[in-house]
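Q: just a sequence and a predicted model for now, questions to come.
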Amino acid sequence: MFKRRKPVIQMKTPEQIELMRAAGLLVGETLQLLREAVKPGITTADLDVIAEQNIRDNGGVPSFKGYHGFPATICASVNEEIVHGIPRATKVLGEGDVISIDCGAIVEGWHGDSAITVAVGEVPAELTKLLEVTEESLWHGLKAGVAGAHLTDMSHAIESHIRSQGRYGIVEGYGGHGIGTEMHMDPLIPNHGAPGYGPILEVGMCFAVEPMVNLGTKDTVELEDGWTVITTDGKYSAHFEHTFAVTPEGPRVLTALDEGREWFAKLEG
């Protein structure tokens with residue numbers, strides 16, 4: 001019988017976290033540019049060009065481009081595509097679509113990773129709520145990321161908020177992760193589960209938390225391109241992500257422009 005391997009979590013010094021903040025801020029600023037660029041008629045390839053130019057012009061390197069052969073700077077997942085959508089010149093956004101944009105950047109060897117989901121023009125109320133619930137669940141998960149907590153306390157906070165808002169499919173098999181000198185590191189952070197399990201969080205750990213929530217079933221399938229993951233029932237999905245550091249003062253959200261102060265204040269209120 002083999003023992004399950006205990007995940008090795010990379011610890012960071014305050015100076016290294018500052019480098020991760022530089023990478024995270026570049027990702028956050030890039031996603032803000034992309035949010036503003038999303039409109040009917042633009043292609044996902046157009047968005048990819050904007051992202052790569054901004055990252056490189058500001059001293060960064062795209063984390064995703066070339067990663068295990070991925071061909072682009074962003075993942076652009078539209079409607080029923082959950083994650084890992086490949087930007088294409090033929091993928092034109094239209095009124096009523098939603099697009100998940102996942103972006104990563106490297107600065108001086110350290111990574112930042114974040115994602116947003118954006119409505120294209122006017123969308124039905126159920127889609128507006130899907131985006132709101134998913135983003136809110138991310139922040140509930142981040143709030144639970146304090147020193148002394150267990151890893152699955154974040155998972156439970158995410159799931160609990162989603163379940164309290166209605167019947168949604170919480171994607172399994174994909175989730176958050178450790179991050180630092182590599183984009184994907186131990187441990188995996190599920191978006192569901194009981195609290196009180198997994199490693200105890202310590203100051204100096206950094207993680208990317210990323211709930212993925214579907215309007216319908218939680219079930220997924222990967223397309224023949226080897227990357228794009230979609231819902232099996234064709235219903236729309238939303239995805240939000242932030243990178244954060246565990247600090248003595250609480251979670252510091254490295255990819256949020258304000259480091260999370262507005263959202264945490266909202267949750268406290």
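A: Okay, I see it. Residues are numbered from 1 along each chain as shown.
Q: number of nearby residues for the nearest residue to residue 120 once chain neighbours are set aside?
A: Among residues not flanking residue 120 along the chain, residue 97 sits closest, at 4.1 Å (CB to CB, 6 or more residues apart in numbering). The way it works is simple: take the backbone N, C-alpha and C, and place the C-beta from them, glycine included. Using other CB atoms under 10 Å, residue 97 has 19 other residues around it.
Q: same check on the one 4 residues further on?
A: Residue 101 sits with 27 neighbouring residues when counted by other CB under 10 Å.
Q: past the strand or helix carrying it, which element shows up next along the chain?
A: Remark: residue 101 resides in strand 98-107, with elements defined by DSSP states H and E. Using DSSP H and E, the next helix or strand after strand 98-107 towards the C-terminus is strand 110-119.
Q: please report how far residue 185 lies from residue 104.
A: Here residue 185 is placed at a distance of 13 Å from residue 104 (CB to CB, to the nearest Å).
Q: of these two, who's got more company?
A: Neighbour comparison, residue 185 and residue 104: the larger count goes to residue 104, with 33 against 19 (by other CB under 10 Å).
Q: thought that one was touching residue 75?
A: No - here residue 104 does not reach residue 75: they are 9.1 Å apart, not a contact under CB atoms under 8 Å.
Q: so what sits against both of the two?
A: Residues touching both residue 104 and residue 75 (CB atoms under 8 Å, 6 or more residues apart in numbering): residue 64.
Q: follow-up on the earlier one: what is the strand holding residue 101 packed up against?
A: Strand 98-107 makes packing contacts with helix 14-37, helix 44-57, strand 61-62, strand 74-78, strand 81-83, strand 110-119, helix 125-143, strand 237-239 when contacts are defined by 3 or more CB pairs under 8 Å, 6 or more residues apart in numbering; DSSP states H and E.
Q: if you set the cut-off to 6 Å instead, what comes out?
A: Packing partners of strand 98-107 (3 or more CB pairs under 6 Å, 6 or more residues apart in numbering; DSSP states H and E): helix 14-37, strand 74-78, strand 110-119.
Q: from residue 140, how far off is the nearest residue to residue 187 once chain neighbours are set aside?
A: Leaving out its chain neighbours, the residue that sits closest to residue 187 by CB to CB, 6+ apart is residue 7, at 3.8 Å. In this structure, residue 7 and residue 140 are 23 Å apart, going by CB to CB.
Q: neighbour count winner among the two?
A: residue 140 (21 against 13).
Q: residue contacts, that one?
A: With contact set as CB atoms under 6 Å, 6 or more residues apart in numbering, residue 140 has these partners: 157, 161.
Q: tell me the pLDDT at it?
A: With respect to pLDDT, residue 140 scores 98.
Q: repeat for residue 163
A: Turning to residue 163, the model gives it a pLDDT of 98.
Q: let me see the contact set for the closest residue to residue 21 other than its chain neighbours.
A: Take residue 21 and drop its neighbours on the chain: the residue closest to it by CB to CB, 6+ apart is residue 254, 4.9 Å away. Listed by CB under 6 Å, 6+ apart, the contact set of residue 254 reads 20-21, 24, 243, 245.
Q: next one: residue 216
A: If you count contacts by CB under 6 Å, 6+ apart, residue 216 has them with 169, 233, 235.
Q: try residue 262
A: Neighbouring residues of residue 262 by CB under 6 Å, 6+ apart: there are none.
Q: now stretch 96-103: average pLDDT?
A: For stretch 96-103, the mean pLDDT works out to 98.
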